[in-house]
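I would like the atomic coordinates for the input below:
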Amino acid sequence: HHHVRVIDRALACRPEALALEDREVAHSCILEDSFTRDLYQGLQHIRYVLKATCDGQACRRLKDWLERYQFHPCGPLAKIAKAIRGREEAMRQTIVSTLSNGKMEGTNNKIKLIKRRGYGYRNLERFFLRLRLELGR
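The predicted model follows:
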């Protein structure tokens, strides 16, 4: 079980962020299985695409990624490429945008946590009062 976690972390993290032994684990997994190698290469390639700084660069990198993986024999990569192809313009804008929805996601998470902790509220006024109290507004 512990070994599976090490492999998962080694394959999911950026190679430069890994310790030497984790890099070796990732390298051995990539050499063992072609399916894992394809997924790993697709992940590293999309990370490269997401590092684009301007619209032209993002467009070029995304187009190259889609051309490479749209009809790839690795099924999950082809499905991801097909989904991105349908939202290509939005994806490109997201890559170069400096905006983030992190604050809104955090607020939504807090609201869901309050609902779960309260086991349901009979009175909506008390629920909204609790939200204002917890969220500081």
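
any weak-confidence spans in this structure?
Residues of the chain that meet the criterion pLDDT under 70 lie in 1-2, 137.

Show me where it has its strands.
For the chain, no strands are identified by DSSP state E.

neighbours around the closest residue to Pro15 other than its chain neighbours, how many?
Closest residue to Pro15 apart from its sequence neighbours, by CB to CB, 6 or more residues apart in numbering: Arg23 at 6.3 Å. The C-beta positions use only the backbone N, C-alpha and C, and glycine is treated the same way. For Arg23, the neighbour count with other CB atoms under 10 Å is 15.

Please apply the same query to the one 3 residues further on.
Around Ala26 there are 21 other residues, counting by other CB under 10 Å.

returning to what we had before: measure the residue nearest to Pro15 to Ala78 for me?
Separation of Arg23 from Ala78 (CB to CB, to the nearest Å): 28 Å.

Surely the residue nearest to Pro15 and Arg9 touch.
No: assessed by CB atoms under 8 Å, Arg23 is found out of contact with Arg9, at 11.3 Å.

which residue of the chain sits farthest from its center?
Residue farthest from the centre of the chain, counting by CA atoms, centre = their mean, is Asn123 at 37.3 Å.
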